[in-house]
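Undergrad: Predicted model follows, preceded by the sequence.
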2 protein chains.
Amino acid sequence: MSYADFASLPCTLSRPAALLGERWTLLLLRQVFLGTRRFEDFQSTMDISRSVLTDRLNVLLQEEVLKRVPYQQDGRTRYEYRLTTKGRDLYPVLMALRTWGEKWMAPEEDESFHLHHRDCGGGVRAKVECTGCGAELTARDVQVTARS
Amino acid sequence: MSYADFASLPCTLSRPAALLGERWTLLLLRQVFLGTRRFEDFQSTMDISRSVLTDRLNVLLQEEVLKRVPYQQDGRTRYEYRLTTKGRDLYPVLMALRTWGEKWMAPEEDESFHLHHRDCGGGVRAKVECTGCGAELTARDVQVTARS
DNA sequence: TAGCTGAGTTCGAAAAACGAACGCAAGGGA
DNA sequence: TCCCTTGCGTTCGTTTTTCGAACTCAGCTA
């Protein structure tokens, strides 16, 4: 079993972990959630090599995290990369990373952007909760049961 | 700016994303949360090369996500890798990946393990909420404000 | 007809990962 | 004492990935 095989294990954690654990993929998704949509913009803001950028975008297209959407520019049709519903559902992953970063890796200077709830202006935080009783959970509150 | 530079940006999202976005790191953390603690066990269960495993463990030690804890084996002292408090705080990241995997990448067969709340037996789910009003948030509910 | 622009593709060089063998410290058995 | 074993790495030559500069290509514009 090598790295790529984790992407096909029947485990709902290893599959996403293998997909997003590929180098550049998390940073690429960060950029997507920050609003970047076009090849040239990804390339120049992230300074990623064009061939790897092409590969990562194609993987995310194939996984249906991103989709290509036509737009008009100078009278000609081009395509940009947009999140699908599946892709937008990755938001909690990014927010969990940020919540952790806020707590443990906060830089001296102010962070590069702020997030707040449009409706009430409150802050944003990722958490784990019990679908039964609604309690907030930590790793220690959760029992892991291996399948037969 | 290259990949490593994202780890030192003053951004609380890019730093964790660069750290966990390194190949093998997310899968290694999965294994840690599943209970693996020793070098040989990581190596054999993940089939990662020993040199890369050494490197990733050292990075996580340096970032204080893991710590080395002595234990006794056959009358001699050895060390195992355990999560620090900072490391345990990554739980929501892994659970967010799993919540996404459950929804979008569920395999035909049953998954490899189940999780439930020790106290009430309920399921486990990651979500994003407003620290002000407590509402559950999606990407569309959140306003991004760039810093000056 | 030539130039421009956005979006890739190509390909040789550099970096990272692989993997088999080696090193090493400490305990156990002959 | 000497050798074997175990767990945890390190080394190093080979393979895979990434880099980065140049090239291609389609379609619009001058």
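TA: Nice, I can see it. Numbering: from 1, shown residues only, chains lettered A, B, ... in the order given.
Undergrad: got the end-to-end distance for stretch A:76-90?
TA: 32 Å (CA to CA, to the nearest Å).
Undergrad: Go ahead and name everything in contact with that stretch.
TA: Stretch A:76-90 is contacted from outside by A:20, A:29, A:32-33, A:37-39, A:42, A:57, A:60-61, A:63-72, B:100, B:103-104, B:138-140, using CB atoms under 8 Å, 6 or more residues apart in numbering or on different chains. In short, each C-beta sits where N, CA and C put it, glycine included.
Undergrad: Show the buried residues in the residues you listed.
TA: Neighbour-count burial (16 or more other CB atoms under 10 Å in any protein chain shown) applied to the contacts of stretch A:76-90 gives A:20, A:29, A:32-33, A:37, A:39, A:42, A:57, A:60, A:63, A:65-67, B:100, B:104, B:139.
Undergrad: Just the ones in helices from the contacts of stretch A:76-90, please.
TA: Within the contacts of stretch A:76-90, residues falling in helices by DSSP state H are A:L20, A:L29, A:V32, A:F33, A:F39, A:F42, A:L57, A:L60, A:L61, B:W100, B:K103, B:W104.
Undergrad: From chain B, how far off is the residue nearest the centre of chain A?
TA: The residue lying closest to the centre of chain A (CA atoms, centre = their mean) is A:L29, at 4.4 Å. Distance of A:L29 to chain B, computed by CB to the nearest CB, to the nearest Å: 8 Å.
Undergrad: Next: A:D119.
TA: 7 Å.
Undergrad: from what I can see that residue touches B:D141, true?
TA: Yes. Counting by CB atoms under 8 Å, A:D119 does reach B:D141; the two are 7.0 Å apart.
Undergrad: out of the two, which sits in the more crowded spot?
TA: B:D141 (17 against 13; other CB atoms under 10 Å in any protein chain shown).
Undergrad: quick revisit: and the furthest pair within the ones in helices among the contacts of stretch A:76-90?
TA: Greatest spacing in the ones in helices among the contacts of stretch A:76-90, by CB to CB: A:F39 and B:K103 (28.7 Å).
Undergrad: helix or strand for A:R98, which one?
TA: Assigned by DSSP states H and E, A:R98 belongs to helix A:91-104.
Undergrad: can you put the ones in helices among the contacts of stretch A:76-90 in CSV and add distance to DNA strand D?
TA: As requested, the ones in helices among the contacts of stretch A:76-90 are exported to CSV (distance: CB to the nearest atom of the strand, whole Å):
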residue, distance to DNA strand D
A:L20, 13
A:L29, 15
A:V32, 17
A:F33, 21
A:F39, 12
A:F42, 12
A:L57, 12
A:L60, 14
A:L61, 16
B:W100, 22
B:K103, 27
B:W104, 23
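Undergrad: of these, list those near DNA strand C.
TA: Contacts with DNA strand C within the ones in helices among the contacts of stretch A:76-90, as defined by CB under 7 Å from any atom of the strand: A:F39, A:L57.
Undergrad: of the ones in helices among the contacts of stretch A:76-90, closest to B:D47?
TA: A:L20 (19.8 Å).
Undergrad: thought the closest one was touching B:G21?
TA: Yes. Taking contacts as CB under 8 Å, A:L20 lies within contact range of B:G21: 7.5 Å.
Undergrad: okay, and the common contacts of those two?
TA: A:L26.
Undergrad: relative orientation of the helix holding A:R98 and helix B:91-104 in degrees?
TA: 180 degrees (axes from the mean of the first three to the mean of the last three CA atoms, to 10 degrees).
Undergrad: Show me what counts as buried in helix A:91-104.
TA: Buried, per 16+ other CB under 10 Å, within helix A:91-104: A:91-102, A:104.
Undergrad: Can you add distance to A:T131 and pLDDT and give these back as a markdown table?
TA: As requested, the buried residues of helix A:91-104 are exported to a markdown table (distance: CB to CB, whole Å; pLDDT from 0 to 100):
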| residue | distance to A:T131 | pLDDT |
| --- | --- | --- |
| A:Y91 | 18 | 98 |
| A:P92 | 14 | 98 |
| A:V93 | 18 | 98 |
| A:L94 | 22 | 98 |
| A:M95 | 19 | 98 |
| A:A96 | 17 | 98 |
| A:L97 | 22 | 98 |
| A:R98 | 23 | 97 |
| A:T99 | 20 | 97 |
| A:W100 | 22 | 98 |
| A:G101 | 26 | 96 |
| A:E102 | 25 | 95 |
| A:W104 | 27 | 96 |
